[in-house]
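Visitor: just need the structure, nothing else, for what follows:
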Amino acid sequence: MPPASRRVSPHVLREGMGVLWVAVKAEPRVFTVSVLASALYAAMTVATARVLGWAAEKVVLPAFAAGHTTAGALAGAAAVIMAVAALKALGVAGRRFYAGLMQYRLQASYRRSVTRQYLRLPLAWHHRHPTGQLLSNANADVEAVWAPIAPLPMAVGVVFMLLIAAVSILVTDPVVAAVGFLVFPAVALINIVYQRRLSPVATRAQQLRAEVSEVAHESFEGGLVVKTLGREAAETRRFAERAEALRDANIAVGRIRGLFDPVLEALPNLGVLAVLLIGSVRLESGAMSPGDLVNVAYLFTLLSWPIRALGWVLGEVPRSVVGWKRVRGVLDASGSLPYGDGVLGGSGAATELEVREIRFAYETAEENGDGERRVLHDVSFAATPGRTVAVVGPTGSGKSTLTSLLVRLVDPADGAVLLDGVDLRDVRRGGVAATAALVPQQTFLFDDTVRGNVTLGLDVPDERVWESLRLAQAEGFVAALPDGLDTKVGERGATLSGGQRQRLALARALVRRPRLLVLDDATSSVDPQVEARILQSLREARSDEAGRATVVVVAYRKATIALADEVVYMEHGRVVARGTHAGLLEGPEGYRNLVNAYERAEAEQEAVEGGEEALA
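Guide: Next up is the predicted model:
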């Protein structure tokens, strides 16, 4: 999703009202209850003015005139005031509780929607969007969208207060009302200027929140690179630049609010002073009573509250609109993987794999050209059940992309991948994952136990977990861990070596007993002897139900390739040759040079290590 524009639409208020209407439609009952509670509060606030006016005229002034009063009069006035105060408190409690309930329910609902959309969208879409941006969409942007919800019921409720107070003032004394109401055009004008000044700054601040999140996420993800290359200071500066820009934007928002808030607060008070001035003149002329003046003056002091409540909502509208656009950019994103109703064959037997003339291209953000980077061109091969196919090719030949297509992380632009004769695009949801397993190049382990990382929630007995660990040549080092299967491996498996992490990832795939096992250079971090034992154990297990699988392995080592029943050699996204390893050594020169170069490099490395040991 492209960054939010820094230019603010001239229709921000209208767009903001549209967002609020979405919230009302999503939670109509909760919103209605909260507005009713707010209306009760508003009505009782206005009633307080009436009660105070009544008490001043009927109890206080007669008491001053007579020099005494009765307990009944005081008790009656106190009872009325307490009853109004109790209803007012009930309105405040109801308004705050249900407004908060509405806000948090909307935030939770949209976080779930954004997360579900992330899971639904294909990897091709995720490749075009930074992870930090996606985290911001699900967190800061969702919070910004529904920030106006908490004060919204209060603002709607105090509109009733505004109307009731205005009518009450007009009925009491139209002349004083006309003078006092002159403040409203001034408040409206200042609010318009306020929104125009605040909107672009608030938009900029919201965008910077996402940028700070992106930089932080990249720094954490690339922690090893940052540490090993001594880039701590550079990363600190890069983060500081974005953080300081966000700080400045937030300060700019606060400065604008600090400028306009006192003005908006002062205008109603100026109206009160004008009312008291005109009211005192009319009181001396006998045009209004003392109780009416107290009532009108108190009501005018209340008018600043509705104005401020509306201002709170309007102040959050620009951020809400920006957040809404960013969240909708995710929810409206296209490119999902459609599913059919097809069912793959039953468990226990290896699957038949056919790759039929597939083409694939990554979408790019280039403005020139067709916006695609073609990776695979008419790739075709087949694997009969239970056989091992090695995919070999230089860097950039499309091997990893091919493995993603085999387990349907992405779909080809043309052609098809078939398991047991069924196009993967026709398989029902979850069908491919239940049949095929991919062990990728980059191993990810959760901050969990060994058991938790192998099973990932799959309900299997420990015997099956140990069986998968044995096939992955991980049984020995897991048994040697302090707590065995219950040992915590740390964040991303930090307490394990690269080879150990790869073997746990392989066991994670094997414990599911897949019928198609795809290894994308998944044993590169283990030494050749261990890798050979892993592949040999997989071959030997094929007579057993636990190991019946067709295997596709992306390989570089000659010893690994030699164990395959067939080799598919790729260059520049095309299948150049197919056959046995021995046959291909007599074929394309590129294949021979590639596998021999890797073997020579390993031999040279072993010679260097052997020389160092001899010197030691």
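Visitor: let me see the backbone angles for L353.
Guide: phi -110, psi 130 (degrees, to the nearest 10).
Visitor: for the residue nearest to it when sequence neighbours are not counted, give me its contacts.
Guide: Excluding the flanking residues, the one nearest L353 by CB to CB, 6 or more residues apart in numbering is A383, at 4.2 Å. For glycine as for every other residue, the C-beta is placed from the backbone atoms N, C-alpha and C. A383 makes contact with 352-354, 389, 550, 552, 566, according to CB atoms under 8 Å, 6 or more residues apart in numbering.
Visitor: out of these, which comes closest to A140?
Guide: V552 (41.3 Å; CB to CB).
Visitor: for the closest one, grab phi and psi.
Guide: Per degrees, to the nearest 10, the backbone of V552 is at phi -120, psi 120.
Visitor: surely it touches S404?
Guide: No: using CB atoms under 8 Å, V552 is not in contact with S404, being 11.9 Å away.
Visitor: of those two, who's got more company?
Guide: V552 (27 against 19; other CB atoms under 10 Å).
Visitor: against L516, how distant is the more buried one?
Guide: Using CB to CB, to the nearest Å, V552 is found at 7 Å from L516.
Visitor: okay, and L87 sits in which element?
Guide: Secondary structure assignment for L87, by DSSP states H and E: helix 71-120.
Visitor: other SSEs contacting that helix?
Guide: Applying 3 or more CB pairs under 8 Å, 6 or more residues apart in numbering; DSSP states H and E, we find helix 71-120 packed against helix 12-26, helix 28-55, helix 142-145, helix 152-172, helix 290-331.
Visitor: again, 6 Å this time
Guide: helix 28-55, helix 142-145, helix 152-172, helix 290-331 (3 or more CB pairs under 6 Å, 6 or more residues apart in numbering; DSSP states H and E).
Visitor: which among those is found nearest to M102?
Guide: That would be helix 28-55 among the helices and strands packed on helix 71-120, by CB to CB, at 4.6 Å.
Visitor: pLDDT of that closest one, averaged?
Guide: Taken as a whole, helix 28-55 has an average pLDDT of 81.
Visitor: quick one, it and helix 71-120 angle?
Guide: Here the directions of helix 28-55 and helix 71-120 differ by 160 degrees (axes from the mean of the first three to the mean of the last three CA atoms, to 10 degrees).
Visitor: and helix 28-55, how far out from the chain middle?
Guide: Distance, stretch centre to chain centre, for helix 28-55: 38 Å (CA atoms, centre = their mean, to the nearest Å).
Visitor: top helix in this structure by residue count?
Guide: In the chain, taking DSSP state H as the definition, the longest helix is helix 232-284.
Visitor: what is the burial count for the residue nearest to V142 when sequence neighbours are not counted?
Guide: Counting by CB to CB, 6+ apart, the nearest residue to V142 once its immediate chain neighbours are dropped is Y110, at 4.9 Å. Here the number of neighbours of Y110 (other CB under 10 Å) works out to 24.
Visitor: would you confirm that Y110 contacts E143?
Guide: No: in this structure Y110 lies outside contact range of E143 using CB atoms under 6 Å: 9.6 Å.
Visitor: any idea which helix or strand carries L198?
Guide: helix 183-221.
Visitor: and that helix, what does it pack against?
Guide: Using 3+ CB pairs under 6 Å, 6+ apart, helix 183-221 sits against helix 131-136, helix 232-284, helix 290-331.
Visitor: those helices: which one's closest to S168?
Guide: helix 290-331 (6.0 Å).
Visitor: pLDDT averaged over the closest one - what is it?
Guide: 73.
Visitor: and for stretch 581-589?
Guide: For stretch 581-589, mean pLDDT is 82.
Visitor: and that stretch, which residues are buried?
Guide: 581, 584-585 (16 or more other CB atoms under 10 Å).
Visitor: now do the same end-to-end measure for it.
Guide: 13 Å (CA to CA, to the nearest Å).
Visitor: which outside residues touch that stretch?
Guide: 561-562, 567, 569, 576-577, 591-592 (CB atoms under 6 Å, 6 or more residues apart in numbering).
Visitor: residue contacts, the closest residue to I81 other than its chain neighbours?
Guide: Nearest non-adjacent residue to I81, counting by CB to CB, 6+ apart: V51, 5.7 Å away. Contacts for V51 (CB under 6 Å, 6+ apart) come out as 80-81, 84.
Visitor: derive a ChimeraX selection command for the buried subset of the residues you listed.
Guide: Buried residues among those (16+ other CB under 10 Å), as a ChimeraX selection:
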select :80,81,84
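Visitor: could you dump the contacts of V51 to TSV with distance to V422 and pLDDT?
Guide: Formatted as TSV, these follow (distance: CB to CB, whole Å; pLDDT from 0 to 100):
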residue	distance to V422	pLDDT
V80	79	79
I81	78	80
V84	73	82
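Visitor: among the contacts of A383, who's most crowded?
Guide: The contacts of A383, ranked by neighbours (other CB under 10 Å): first place V552, 27 neighbours.
Visitor: dump the residue contacts of that residue.
Guide: So V552 contacts 389, 518 (CB under 6 Å, 6+ apart).
Visitor: mind checking the SS state of R356?
Guide: strand (DSSP: H, G, I helix; E, B strand; the rest coil).
Visitor: number of nearby residues for it?
Guide: Neighbour number of R356 under other CB under 10 Å is 16.
Visitor: what's across from it in the sheet?
Guide: A416 (DSSP bridges).
Visitor: in contact with it, which residues?
Guide: Counting by CB under 6 Å, 6+ apart, R356 has contacts 380, 415-416.
Visitor: if we go to 10 Å?
Guide: Counting by CB atoms under 10 Å, 6 or more residues apart in numbering, R356 touches 378-382, 412, 414-418, 423.
Visitor: need the residues you listed in JSON lines with pLDDT, neighbour count and distance to V114, can you?
Guide: Listed next are the contacts of R356 as JSON lines, based on pLDDT from 0 to 100; neighbours: other CB atoms under 10 Å; distance: CB to CB, whole Å:
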{"residue": "D378", "pLDDT": "88", "neighbour count": "13", "distance to V114": "38"}
{"residue": "V379", "pLDDT": "88", "neighbour count": "25", "distance to V114": "35"}
{"residue": "S380", "pLDDT": "88", "neighbour count": "13", "distance to V114": "39"}
{"residue": "F381", "pLDDT": "88", "neighbour count": "18", "distance to V114": "39"}
{"residue": "A382", "pLDDT": "88", "neighbour count": "15", "distance to V114": "40"}
{"residue": "P412", "pLDDT": "85", "neighbour count": "22", "distance to V114": "28"}
{"residue": "D414", "pLDDT": "88", "neighbour count": "13", "distance to V114": "32"}
{"residue": "G415", "pLDDT": "88", "neighbour count": "19", "distance to V114": "33"}
{"residue": "A416", "pLDDT": "88", "neighbour count": "17", "distance to V114": "32"}
{"residue": "V417", "pLDDT": "88", "neighbour count": "23", "distance to V114": "30"}
{"residue": "L418", "pLDDT": "87", "neighbour count": "18", "distance to V114": "34"}
{"residue": "D423", "pLDDT": "86", "neighbour count": "17", "distance to V114": "30"}
